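[1] Sequence plus the predicted model coming up.
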Amino acid sequence: MIRDTTLGAKLWATAVWAFVIFFVLNLFAMIGTVVTSSFATRWLGTWLPAGWTTRWYYSAWSEFQLGDVLLVTFQVVGLVVLISGVLGVTAAYALARRDFPGKRLLMLLFLLPLLIPPITFGIPLATVLYQTGLAGTFWGVVAANLVPTVPFVILVMIPFIEQIDPKLEAAARVFGANTFKLFIHVLLPLLLPGILAALLLVLVRTIAMFELTFLVAGPTSQTLVVALYYAVFAAGVRAVQSIDAMAVVYMVTTLIWLVVALRFVNPAQIVTRAKQQPAH
Amino acid sequence: MTIALSKFDEVRLDRVSRDFGALNALREVNLTIKRREFIALLGPSGCGKSTTLNCIAGLLPVTGGAIWLDKHRVDTLKPEERGFGMVFQNYALFPHLNVRQNIGFGLKMRGTPRAEIDRKVNEAIGLVRLQGQENKLPGQLSGGQQQRVAIARAIVIEPPLVLMDEPLSNLDAKLRLEMRAEIRRIHNELGATTIYVTHDQDEALSLADRIVVLKDGIVRQVGTPKELYEAPAHLDVADFMGFRNRLKGKVVSHENGHAVIDVEGARFKGVARDALAPGAAAVVAVRPDDMVASDEGPHALKAVVDTIEYRGREFVGTAHSAQGSDLVFRSDHTVEPGSTVHLTADERVLIFPGQN
Amino acid sequence: MTASVTTTPARDAYGPNLRQRLAARGLDAVTLLAVPAALFSLALFVYPFAFGLVLSFEPKAGGWLSNYQRFFADPFLYETIGKTLWLSLPVTLLNLFLAVPIAFRVRLMRNQRLLTAILVLPITLGTVLVAEGLLNYLGPQGWFNRTLMTFGLISQPLKLVHNYWGVFASLLITGFPFTFLLTLSYVTGIDPALEQAAATLGANAWQRFRHVYLPLLMPGFAITFCLSFVQAFSVFPSAVLLGAPAGPTRVISIAAYQAAFEEYDYSMASAVAMIMGVVQLAIVVAVLASRGLFYRGPASGAKG
């Protein structure tokens, strides 16, 4: 954009930045409130709490069985990452490299779970899972979480695979590589950065995926975000600080992976992956 | 020398066709390539030369016909089962593998023992003169070096046939000449059999033992460079061999393989490339080099000069005749645009039958 | 020269074998790699949707349409559509109107990564955490009200939680970054040379926006609006935690959830989910249909 130096333009720019700063300040203040509260002994009607303590973390850990919840969370997330990686990368390869009858329909099929909000398809999905007895179980939670992540991996990987010169694959074949060797020796090393990025995003999204887990999880298959929801929902039963301590645990869990992910991907990718497809 | 290419007698394309939907990219191509031959597939873009190469390599399945390596039918094999070496247009070097790993890739796929891979790769590196670059990645190499890696990778697997798809098209003019000589040297040193695709007739003429000219998926002519250069069989081959002046006229006489043609009142005498009856329509094909601006004469063609360029030893001009034929000619002195020149051609004039 | 051209007489017709013929139609081992993911999507996405659709016409009691009749007869149910729209449409529009000028500014920044990383925070943390954070932050004793009172802007704390505005704020804080990052990716996708060309032809800043950027960005804005709207329309945890889930923020997803998990009427829940889907679809189709009125080619000048 061409820079404008008139007074009106300067005022306009100031207003724009003022909003950005206002937004970011409120965001940090909101997060700050949670963190401060989690370390507060008593915090009522003042700017800062009366004293500081870490005991809420101990009580949250035992009250909410955070050990178990975290274990389930990581198991769910790990399996979702693994399965969506295997299913997604292979399908993305087929879609990137081949034209076959029904390809557009298949693309649409993979696009829809990303465009339709989880709560909309989650309720019929939960119904089916309850009928088959999968709901409430660990595998039910994994299956439900895979519904958006498999298509997500596919849509992230397709452009990544497309930018690898097909001549490289032709060369590998001419020099004697069958499909399996081609994958191991040529495609996998070249695709690794893309796969890593896609799977990190899946990881972050799955930790934060509330709706689907909420709809199909049972008492022993809750992930952290669902446990947090129930804790907030039943506020008054537990001390606010204890809930806030749990929220901090959740934030840390998410943010560690977000920071790792940001080393490999552009932040905009976290939300904008699906938009290229419906644009046409 | 331990890189010993597989022994065989000939590769035979038997009525090979390739359709892309309704488009016939190749139509019943017949061609036999003998061992140790250097064959150039030559033609304009879209003529089917790359399609032919890809069909031989197995990257494109044929839709008709068969390809034989001696008694073995190979067109039904997957590319990885054929064992041919290939040099790709943009080299297609694996960007994540270094020079050594790139060259050794084919051997590794074949499960060759590590020590033997090392020995052969070293030898190939020596052959293409890449010593000292072994551990670089393709991105760190110049175009010419990448080209050498691509060649080494293709020959190290000791293929019966080396396929090259416009390997020089990505290089600058100077490097192109240098690599051209290298390719021929390596071909000779190894006693390789090479099929080389190009759209550049200079490259084909200087490299190949035989040239196959393709157009619209049809083989138009097969011959030695000399045959093609001096005696193209068809007008379109002549066009590709640099006969840029094509003048429509009528046959005056035809005897002993030579014909005299009347073009806008001027006379051209040349080698008849087909049966020509007096009075029939004909086309005279002349290279710009042989179309000379001369003094006024009874048989010269009059034309009005459009442009004139200085080319060092001589001038090259464009002109148009009274009936609108475009001409490219040579002159040893400059002429003014707009002035009239008299053009004659005495040598290497070809006469083809024309359409009325 | 003909010596080298083999003139084989017509023999049995050769040709590609079955594997090659299938490959020519795009069907080979590689294509089959898409099968597991496709089966998975059919089983866990298409089938449940179809199942839910059928189930919604098999109510616990009454005729096949009685779920839908009940929904549109009971104000407690049908009003959820209006309440959800009343939340999601203003928030989505506000987000888009804020995002566009900011995206144009941020586009000039050399280092956008820090800002985009900050903005990605609330999306990553998710609606549950934002709801839990805002509950305290926007509460009567929270830092927000406290700051406003310190500056003397208000004398009594504003009531910002457990009502419409709490949910509105949460949709703003998670929705704005989403809308902004989408918008930014569209805005940066436009070749800056186009604007420079317009400037050399005498267009001022507003004219450049109006006549060059806006027509090129309209399709992108339409997509952004749709995706943001669909997110806002399916608001659930913050409507429960931050809003008044029995009153003004009883959104449609709460109605669906309650039908399924409080009344255990999966048939009714499916019907509500289908209605939710139809309303989303109607808005999206309406917006995208109007997109047909705009330019839809490449937005990057020569390279298309």
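    That came through fine.
[2] Give me the domain ranges for the chain.
    No chain in the question, so chain A it is. Following automatic domain parsing, chain A resolves into domains at A:1-53, A:58-276.
[3] ah, no, chain C please
    According to automatic domain parsing, the domains of chain C span C:4-56, C:66-293.
[4] Could you say which one of the domains of chain A comes nearest to chain C?
    Chain C lies closest, by Cβ to the nearest Cβ, to one member of the domains of chain A: domain A:58-276, at 2.8 Å. Where you see a C-beta, it was placed from the backbone N, CA and C, and this is true even at glycine.
[5] hmm, back to that, export the domains of chain C to CSV and tack on mean neighbour count?
    Supplementary listing: those in CSV, determined by neighbours: other Cβ atoms under 10 Å in any protein chain shown:
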stretch, mean neighbour count
domain C:4-56, 16
domain C:66-293, 19
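[6] Out of those, the one nearest residue A:105 is which?
    Nearest to residue A:105, of all the domains of chain C, is domain C:4-56, at 9.7 Å by Cβ to Cβ.
[7] who does the residue of the stretch 101-250 of chain B found nearest chain C bridge with?
    Closest approach between the stretch 101-250 of chain B and chain C, counting by Cβ to the nearest Cβ: residue B:223, at 4.0 Å. Beta-bridge pairing for residue B:223 (DSSP bridges): residue B:211.
[8] How many residues are close by it?
    22 (other Cβ atoms under 10 Å in any protein chain shown).
[9] now, of the domains of chain A, which is deepest in the fold?
    domain A:58-276 (a mean of 20; mean count of other Cβ atoms under 10 Å in any protein chain shown).
[10] Run the chain-centre distance for that one.
    6 Å (Cα atoms, centre = their mean, to the nearest Å).
[11] pLDDT weak spots in the stretch 51-200 of chain A?
    Under the criterion pLDDT under 70, no range of the stretch 51-200 of chain A is flagged.
[12] which bits of it sit near chain C?
    A:87-88, A:90-91, A:93-95, A:97-101, A:103, A:106, A:109-110, A:112-113, A:115-121, A:123-128, A:130, A:143-144, A:146-147, A:150-151, A:154, A:179 (Cβ under 8 Å from any Cβ of the partner chain).
[13] Out of these, which sit inside helices?
    Among these, DSSP state H puts A:87-88, A:90-91, A:93-95, A:97, A:103, A:106, A:109-110, A:112-113, A:115, A:118-121, A:123-128, A:130, A:143-144, A:146-147, A:150-151, A:154, A:179 in helices.
[14] ok, the residue nearest in space to the middle of chain B to residue A:170 distance?
    With distances taken as Cα atoms, centre = their mean, residue B:42 lies nearest the centre of chain B, 3.1 Å away. Residue B:42 is 22 Å from residue A:170, where distance means Cβ to Cβ, to the nearest Å.
[15] With residue C:66 instead?
    Distance from residue C:66 to residue A:170, by Cβ to Cβ: 61 Å.
[16] Then residue C:145?
    Where residue A:170 is concerned, residue C:145 sits at a distance of 66 Å (Cβ to Cβ).
[17] do the same with residue B:313
    Distance of residue B:313 to residue A:170, given as Cβ to Cβ: 45 Å.
[18] Quick check, residue C:268 in contact with residue C:58.
    No - look at residue C:268 against residue C:58 with Cβ atoms under 8 Å: they stay out of range, at 10.6 Å.
[19] Break down the chain into its helices, ranges please.
    If you meant another chain, say so; for now it's chain A. So, for chain A - with DSSP H - the helices run A:7-38, A:55-63, A:66-97, A:103-115, A:118-131, A:138-162, A:166-174, A:179-182, A:188-208, A:211-216, A:224-233, A:240-264, A:269-272.
[20] actually it's chain B I care about, not the one you picked
    For chain B, the helices defined by DSSP H cover B:49-57, B:79-82, B:99-109, B:114-127, B:143-155, B:173-190, B:201-207, B:225-230, B:235-240.
[21] now the stretch 1-150 of chain C, which segments are flagged as low pLDDT?
    For the stretch 1-150 of chain C (pLDDT under 70), the answer is C:1-16, C:23-27.
[22] Most proximal residue of the stretch 1-150 of chain A with respect to chain B?
    For the stretch 1-150 of chain A, Cβ to the nearest Cβ, closest residue to chain B: residue A:99, 11.9 Å.
[23] So which residues on chain A come close to chain B?
    So chain A meets chain B at A:165, A:167-168, A:170-178, A:181, A:185-186, A:189-190 (Cβ under 8 Å from any Cβ).
[24] again, only this time at 10 Å
    Contact residues (Cβ under 10 Å from any Cβ of the partner chain) of chain A with chain B: A:164-179, A:181-182, A:185-186, A:188-190, A:192.
[25] cool, and the stretch 101-250 of chain C?
    So the stretch 101-250 of chain C never meets chain B (Cβ under 10 Å from any Cβ).
[26] How about the stretch 101-250 of chain C: which residue is closest to chain A?
    Closest point on the stretch 101-250 of chain C to chain A, by Cβ to the nearest Cβ, is residue C:234, at 3.4 Å.
[27] Quick check: closest non-adjacent residue to that residue.
    residue A:117 (3.4 Å; Cβ to Cβ, 6 or more residues apart in numbering or on different chains).
[28] do the same with residue C:142
    Residue C:142 sits nearest to residue C:136 (Cβ to Cβ, 6+ apart), 5.6 Å away.
[29] List the contacts of that neighbour.
    Applying Cβ atoms under 10 Å, 6 or more residues apart in numbering or on different chains, we find residue C:136 in contact with A:30, A:33-34, A:36-37, A:43, A:240, A:243-244, A:247, C:142-144, C:161.
[30] Any idea which of those the model trusts least?
    Lowest pLDDT of these: residue A:43, 83.
[31] from what I can see residue B:269 touches residue B:252, true?
    Yes - applying Cβ atoms under 10 Å as the test, residue B:269 and residue B:252 come out as touching, 9.1 Å apart.
[32] so what sits against both of those two?
    With Cβ under 10 Å, 6+ apart, residue B:269 and residue B:252 have common neighbours B:259, B:260, B:261.
[33] What distance do you get for the first one to residue B:270?
    Spatial separation of residue B:259 from residue B:270 under the definition Cβ to Cβ is 7 Å.
[34] joint contacts of the two?
    Common neighbours of residue B:259 and residue B:270 (Cβ under 10 Å, 6+ apart) are B:282, B:284, B:349, B:350, B:351, B:352.
[35] So which of the residues you listed belong to strands?
    Among the shared contacts of residue B:259 and residue B:270, the members found in strands (DSSP state E) are B:282, B:284, B:350, B:351, B:352.
[36] Contact partners for the last one?
    Going back to what we said before, that points to residue B:352. By Cβ under 10 Å, 6+ apart, the neighbours of residue B:352 are B:232-236, B:238, B:243, B:246, B:259, B:270, B:272-274, B:276, B:282-285.
[37] Relative to residue C:110, how far out is it?
    Separation of residue B:352 from residue C:110 (Cβ to Cβ): 65 Å.
[38] Spatially nearest residue to residue B:229, not counting backbone neighbours?
    Closest to residue B:229 by Cβ to Cβ, 6+ apart is residue B:241, at 5.7 Å.
[39] is it true that that neighbour touches residue B:226?
    No - look at residue B:241 against residue B:226 with Cβ under 10 Å: they stay out of range, at 11.2 Å.
[40] neighbour-wise, which of these two wins?
    residue B:241 (24 against 10).
[41] List the contacts of that one.
    Neighbouring residues of residue B:241 by Cβ under 10 Å, 6+ apart: B:42, B:201, B:204-205, B:211, B:213, B:221, B:225, B:228-232, B:285, B:287, B:350.
[42] One more pass at 7 Å, please.
    B:201, B:228, B:229, B:232 (Cβ atoms under 7 Å, 6 or more residues apart in numbering or on different chains).
[43] Tell me the one of those residues nearest chain A?
    residue B:201 (25.1 Å).
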